[in-house]
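A.B. asks: Here is my input, please return the structure:
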Amino acid sequence: MKLGAFSMSLNVKDLQVSKAFYEKLGFTAFAGTEEMNYLIMKNENAIIGLFQGMFEGNILTFNPGWDENAQNIENFDDVREIEKSLKKDGISLVQEVKKETEGPGSLIVKDPDGNLILIDQHR
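C.D. replies: This is a model prediction of the structure:
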C-alpha cells in the first residue's frame, strides 16, 4: 500500500509559540498561514503540521499522491482503494471517504492504541 508523504499533525495551544519553538529545532514554514491557524513546517524530510483549534489530540497524516515536498507523484494508491483494502483486512474506519467521488478525499482510522491516522488525498 502506497500511503504517500508522512507528517505529524500537532494540536497546538498557541501557533506562534509553537512555530518559534520548532524554528529553534531547525524547522521552517513550508505551507499554511498563521491567519488560517495552521502551518506546515519542514526540517529536511521531516514534516510537521501545527494546527491551532482545529482538532483534538495529535494525528499521524499520510498524503497519497504527494511526496514530502507536496509535489505530485506519478504512481500512488487512490484513497478509495486504500479504504477498500483496509475494510477487506477488517480495519474499522472512524471516517470513510465520501461515496461516489473522485480526486481529493480522506479517511480516518484508529490504531490499536487509539492514535488517529488521517489518510488525506489532495488530488
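A.B. asks: ok, how many other residues are close to residue 64?
C.D. replies: Each residue near residue 64 was counted by other Cβ atoms under 10 Å, and the total is 24. (Glycine included, C-beta is placed from N, CA and C.)
A.B. asks: sec struct for the residue nearest the centre of the chain, please.
C.D. replies: For the chain, the residue nearest the mean C-alpha position is residue 61 (2.8 Å; Cα atoms, centre = their mean). At residue 61, secondary structure determined by DSSP: H, G, I helix; E, B strand; the rest coil is strand.
A.B. asks: so where's this structure uncertain?
C.D. replies: Of all residues in the chain, none has pLDDT under 70.
A.B. asks: Where do the strands of it begin and end?
C.D. replies: Assigned by DSSP state E, the chain shows strands spanning 5-12, 28-33, 38-43, 46-52, 59-63, 93-95, 105-110, 116-121.
A.B. asks: Go through the ones you listed and name the closest to residue 71.
C.D. replies: Among the strands of the chain, strand 5-12 comes nearest to residue 71, with 9.2 Å by Cβ to Cβ.
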